[in-house]
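Engineer: what follows is a predicted structure for the sequence shown.
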There are 2 protein chains.
Amino acid sequence: MSLDHAASKPHEALAALLRDDMDAVNTLIETRMASEHAPRIPEVTAHLVGAGGKRLRPMLTLAAAKLCGYDGPYHVHLAATVEFIHTATLLHDDVVDESAQRRGRPTANLLWDNKSSVLVGDYLFSRSFQLMTEAGSIDVLRILSNASATIAEGEVLQLTAATDLRTDESVYLQVVRGKTAALFSAATEVGGVIAGASADIVQALFDYGDALGIAFQIADDLLDYQGDTAKTGKNIGDDFRERKLTLPVIKAIAQATDEERAFWVRTIEKGRQEDGDLDQALAFMDKYGTLAATRDDALVWSEKAKSSIAKLPDHEIRDLLAEIADYVVARLS
Amino acid sequence: MSLDHAASKPHEALAALLRDDMDAVNTLIETRMASEHAPRIPEVTAHLVGAGGKRLRPMLTLAAAKLCGYDGPYHVHLAATVEFIHTATLLHDDVVDESAQRRGRPTANLLWDNKSSVLVGDYLFSRSFQLMTEAGSIDVLRILSNASATIAEGEVLQLTAATDLRTDESVYLQVVRGKTAALFSAATEVGGVIAGASADIVQALFDYGDALGIAFQIADDLLDYQGDTAKTGKNIGDDFRERKLTLPVIKAIAQATDEERAFWVRTIEKGRQEDGDLDQALAFMDKYGTLAATRDDALVWSEKAKSSIAKLPDHEIRDLLAEIADYVVARLS
């Protein structure tokens, strides 16, 4: 790690390194979220895009392309594509979850209505397909359209699996791959493909994105039960109250006594929650050490992410990607 | 018109002529609406796809490809693509309109929930992009991704324009192009493109689909005010009750006295409707002859559709397409 980066978080260091490209991505996003005929579209989109977010996904595409020596213009299109897919997904997620807050602001479904969120999300999906088509690579289109289908499938699976006590760790992993990792891995993979990298390198980039996405989501689910509200902006136990089965609870249910199981059936499956239930749930998780076990899983995926790119040629960007894999789990300690 | 077709409706005659290809499209749709992990997806999709519908849009793609002498396999993929986009749009439309019935059945949002309709719609959109990618033509991808964006933009525009009394005939036409004609014209255009037809012929096919879609939507909007409930399955005045500005009302508002305008402001803009308002609205439309004028507009677009393909080589399919253009407005007399 060079001294330049020592002062900042690794994704900020990567953003600084890719500043010109990120500026181009932001300009392209601004241009393409416009609509000649329907002013509601840029209003809704600007609300969400303007709220910031780390833009980690488009940055991964730019990083992968640069790492593979790409010097054409289309990594910018693909990075904007990835961010549009992500933004469309957030708009639809907030409708599905009936969320009221996102990135510290009221959600679009609350400020406008569900209709606008559904239709503007559709518009951004379509815009993302236009952008990826401009890159002119059928391989890239195949990867990104497959990722979109995996994302939507993961979201539907979550809909039915979230409150179903039969949901085990393998189903959880499928949901996580769908809702989070599929876009991370597509983001890194298309960066390599557009640069014409070899199959080995493309596979390594895919594996990195896949493992990073899984580590990221497991960490997110863990922080829901042990995070610092001031830092994460989330309240402890939101997933419990929303009856969303995530890894810490799945691990506790797997070991539950009959009596404990009855508790989970009542609170998660039937959703009849009472005062003190969250504390009881946390006590069961503590009894079996499932928060620590979940953290261990996140660390394993973080290590997988790092070892995936260890084989790539030595490069400043490769080192920053490895640091990012550390960073997403560092907040857990 | 040959004797064979005289007995049946023109779209049924076309379906009979294209039976093998339509069977292949239906098989492909069945295969691709499956999901290994999320059984909710084929449940919801089968409910809507199984309810039938005329499959006019995929038939237009097959017809255009055949008319241009195509003998490859990919017109089937593109026809299925078009039907998936249409189905996804219907799922999202029913959420946005809070509809309870579609094709004579309860809607998916009613039988399952809005969440399932939103996410399964997203899945079908993604599946449509996978299918079109398989055809391997960047031109086709450009046309269909542009059409998707135009559809979504038209839907958002309708959201804000529908209850806005400033909506004039040009805005109405934009909405109609978006919500209906864009998919018709893309359906016919890609049929020509995949067949490698000349630019002239592709343009003629596009113009036919565009004009047919507009005639179709104007006819639909007119039937909302003068249709036979038994035949159309719609109740007279649904659009009025839902405060949706369509052509017959837009034409009446354009000529309204101050007093009449106050009526439209109250009933459409503010949505404060009382008993007898629909009769009053029909009386104003009668006063200015706007139902007849709307029918004339539909006929003009139907003629445009026919004249667009008049330049195509003589072919049984061309004649059936012309008959379909007559048919969509014939129900208005």
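Structural biologist: In hand now; what should we look at?

Engineer: which non-adjacent residue is nearest the residue in the stretch 201-333 of chain A that chain B sits nearest to?
Structural biologist: Taking Cβ to the nearest Cβ as the measure, the point where the stretch 201-333 of chain A comes nearest chain B is A:E242, at 12.5 Å. C-beta here means a position set from N, CA and C on the backbone, and glycine is covered the same way. If the residues on either side of it in the chain are set aside, A:E242 comes closest to A:D97, at 7.1 Å by Cβ to Cβ, 6 or more residues apart in numbering or on different chains.

Engineer: over to A:R142?
Structural biologist: In this structure, A:R142 finds its nearest non-sequential neighbour in B:T133, 5.3 Å apart by Cβ to Cβ, 6+ apart.

Engineer: pLDDT at the one you found, what is it?
Structural biologist: At B:T133, the predicted lDDT confidence score is 95.

Engineer: that one reaches A:L141, doesn't it?
Structural biologist: Yes - here B:T133 reaches A:L141: they are 4.6 Å apart, a contact under Cβ atoms under 8 Å.

Engineer: tell me, how many residues neighbour the nearest residue to A:L332 once chain neighbours are set aside?
Structural biologist: Here the nearest residue to A:L332 in space, its sequence neighbours aside, is A:R295; by Cβ to Cβ, 6+ apart that works out to 5.1 Å. By other Cβ atoms under 10 Å in any protein chain shown, 20 other residues sit near A:R295.

Engineer: where does A:R295 sit, in terms of helix or strand?
Structural biologist: Here A:R295 sits within helix A:290-310, counting by DSSP states H and E.

Engineer: report the buried residues of that helix.
Structural biologist: Neighbour counts over helix A:290-310 (16 or more other Cβ atoms under 10 Å in any protein chain shown) mark A:290-291, A:294-295, A:297-299, A:301-302, A:304-306, A:308-309 as buried.

Engineer: likewise stretch A:21-29?
Structural biologist: Neighbour-count burial for stretch A:21-29, counted by 16+ other Cβ under 10 Å, picks out A:D21, A:M22, A:A24, A:V25, A:N26, A:L28, A:I29.

Engineer: isn't the second one right up against A:R57?
Structural biologist: When you say that, I think you mean A:M22. No - under the criterion of Cβ under 8 Å, A:M22 is not in contact with A:R57, lying 11.9 Å apart.

Engineer: how much space between A:K179 and chain B?
Structural biologist: A:K179 sits 11 Å away from chain B, going by Cβ to the nearest Cβ, to the nearest Å.

Engineer: which residues does that residue contact?
Structural biologist: The contact partners of A:K179, taken as Cβ atoms under 8 Å, 6 or more residues apart in numbering or on different chains, are A:I151, A:G154, A:E155, A:Q158, A:Q217.

Engineer: same for chain B: which of these are within range?
Structural biologist: With Cβ under 8 Å from any Cβ of the partner chain as the criterion, the members of these in contact with chain B are A:I151, A:G154, A:E155.

Engineer: pick the one among the residues you listed closest to A:G196.
Structural biologist: Ranked by distance to A:G196 (Cβ to Cβ), the ones next to chain B among the contacts of A:K179 are led by A:I151 at 26.1 Å.

Engineer: which pLDDT value goes with the nearest residue to that closest one once chain neighbours are set aside?
Structural biologist: Residue nearest to A:I151 in three dimensions, not counting chain neighbours: A:A182, with 5.2 Å by Cβ to Cβ, 6+ apart. A:A182 carries a pLDDT score of 98 in this model.

Engineer: follow-up on the earlier one: what sits in contact with each of B:T133 and A:L141?
Structural biologist: Common neighbours of B:T133 and A:L141, using Cβ under 8 Å, 6+ apart, are B:L141.

Engineer: list the contacts of the residue sitting nearest the centre point of chain A.
Structural biologist: With distances taken as Cα atoms, centre = their mean, chain A has A:T180 as the residue nearest its mean C-alpha position (4.0 Å). Applying Cβ under 8 Å, 6+ apart to A:T180 gives the contacts A:G213, A:I214, A:F216, A:Q217.

Engineer: now render these as a markdown table, adding neighbour count.
Structural biologist: Written out in a markdown table, the entries for those read as follows (neighbours: other Cβ atoms under 10 Å in any protein chain shown):
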| residue | neighbour count |
| --- | --- |
| A:G213 | 28 |
| A:I214 | 24 |
| A:F216 | 24 |
| A:Q217 | 24 |
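
Engineer: just the ones in strands from these, please.
Structural biologist: Secondary structure assignment (DSSP state E) places none of the contacts of A:T180 within strands.

Engineer: now those as JSON lines including pLDDT?
Structural biologist: Formatted as JSON lines, the entries for these read as follows, by pLDDT from 0 to 100:
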{"residue": "A:G213", "pLDDT": "98"}
{"residue": "A:I214", "pLDDT": "98"}
{"residue": "A:F216", "pLDDT": "96"}
{"residue": "A:Q217", "pLDDT": "96"}
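
Engineer: ok, of the contacts of A:K179, which one's closest to chain B?
Structural biologist: Using Cβ to the nearest Cβ, the shortest approach to chain B within the contacts of A:K179 belongs to A:E155, at 4.8 Å.

Engineer: these two touch, right, that closest one and A:D93?
Structural biologist: Yes - the pair A:E155 / A:D93 is scored as a contact, 7.3 Å apart, by Cβ under 8 Å.

Engineer: re earlier: can you tell me which of the contacts of A:T180 is nearest B:A330?
Structural biologist: Comparing every one of the contacts of A:T180 with B:A330 (Cβ to Cβ), the shortest separation belongs to A:G213, at 54.9 Å.

Engineer: and the gap between that closest one and B:L159?
Structural biologist: 33 Å (Cβ to Cβ, to the nearest Å).

Engineer: and for A:L62?
Structural biologist: Using Cβ to Cβ, A:L62 is found at 34 Å from B:L159.

Engineer: the one helix or strand A:V190 maps to vs helix A:290-310, what angle?
Structural biologist: Counting by DSSP H and E, the element that carries A:V190 is helix A:182-194. Orientation note: helix A:182-194 sits at an angle of 0 degrees relative to helix A:290-310 (axes from the mean of the first three to the mean of the last three Cα atoms, to 10 degrees).

Engineer: what helices and strands are in contact with helix A:182-194?
Structural biologist: With contacts defined as 3 or more Cβ pairs under 8 Å, 6 or more residues apart in numbering or on different chains; DSSP states H and E, helix A:182-194 has these neighbours: helix A:56-67, helix A:74-96, helix A:138-161, helix A:199-226.
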